[in-house]
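**Q** this is a predicted model, with the sequence first.
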Amino acid sequence: MGSGGQSKTTRETKTVVVTMAKDGNVSAAIDLRLYGAAGIIMPAAWTTADLGIQVCATIDGTYAPLLDKESGYGTDVSIDGAAAGKAYALRWDAFAFPFVKLWSHDGAGANVAQAAARTFTVCLKS
């Protein structure tokens with residue numbers, strides 16, 4: 001109980017670290033099944049690119065870019081011009097899918113290879 005006799009609600013949190021390989025453009029999978037919100041802390045160095053989201057129903061299945069409903073599903077959900085060392089919230093619509101990967105790409109949706117391995121910190125909250 002809280003100090004005023006009310007029940008105290010807590011939410012589960014977990015921090016995971018995922019890597020995008022050197023010359024790669026997608027991270028390892030992130031399991032969202034138990035969570036409803038997340039934040040991404042960008043690596044200290046980043047080859048200039050947008051940060052998109054790829055989604056899948058299974059951890060080892062084929063991932064597809066998450067498209068934006070507000071644009072009539074014509075563009076992918078991404079952080080345009082994602083910057084090294086910054087933090088961003090993972091959009092709510094990603095949580096409709098159990099597994100996501102972070103994706104390095106340009107404005108046209110073409111993959112952008114990272115010049116070195118990139119490590120992201122992902123803070124998950126239920």
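**A** That came in fine, so what should we check first?
**Q** any weak-confidence spans in this protein?
**A** 1-8, 69-74 (pLDDT under 70).
**Q** for T9, which three-state class applies?
**A** coil (DSSP: H, G, I helix; E, B strand; the rest coil).
**Q** spatially nearest residue to R33 (excluding sequence neighbours)?
**A** Closest residue to R33 apart from its sequence neighbours, by C-beta to C-beta, 6 or more residues apart in numbering: P98 at 4.7 Å. C-betas here are computed from N, CA, C, even on glycine.
**Q** surely that neighbour and G61 touch.
**A** No - counting by C-beta atoms under 8 Å, P98 stays clear of G61, with 10.1 Å between them.
**Q** before we move on, back to that, which residues are in contact with the residue nearest to R33?
**A** Residues counted as contacts of P98 (C-beta atoms under 8 Å, 6 or more residues apart in numbering) are 31-33, 56-59.
**Q** give me the contact list for stretch 105-112.
**A** So stretch 105-112 is contacted by 25, 47-50, 52, 65, 76, 78, 80, 103-104 (C-beta under 8 Å, 6+ apart).
**Q** scratch that, stretch 50-59 is what I was asking about
**A** Under the criterion C-beta under 8 Å, 6+ apart, residues 26, 29, 31, 40, 42, 62-66, 76-82, 88, 90-91, 94, 96-107, 109, 112 lie in contact with stretch 50-59.
**Q** so who does I79 touch?
**A** 50-52, 88.
**Q** among the contacts of stretch 105-112, which lie within strands?
**A** Of those, the ones assigned to strands by DSSP state E are 50, 52, 65, 78, 103-104.
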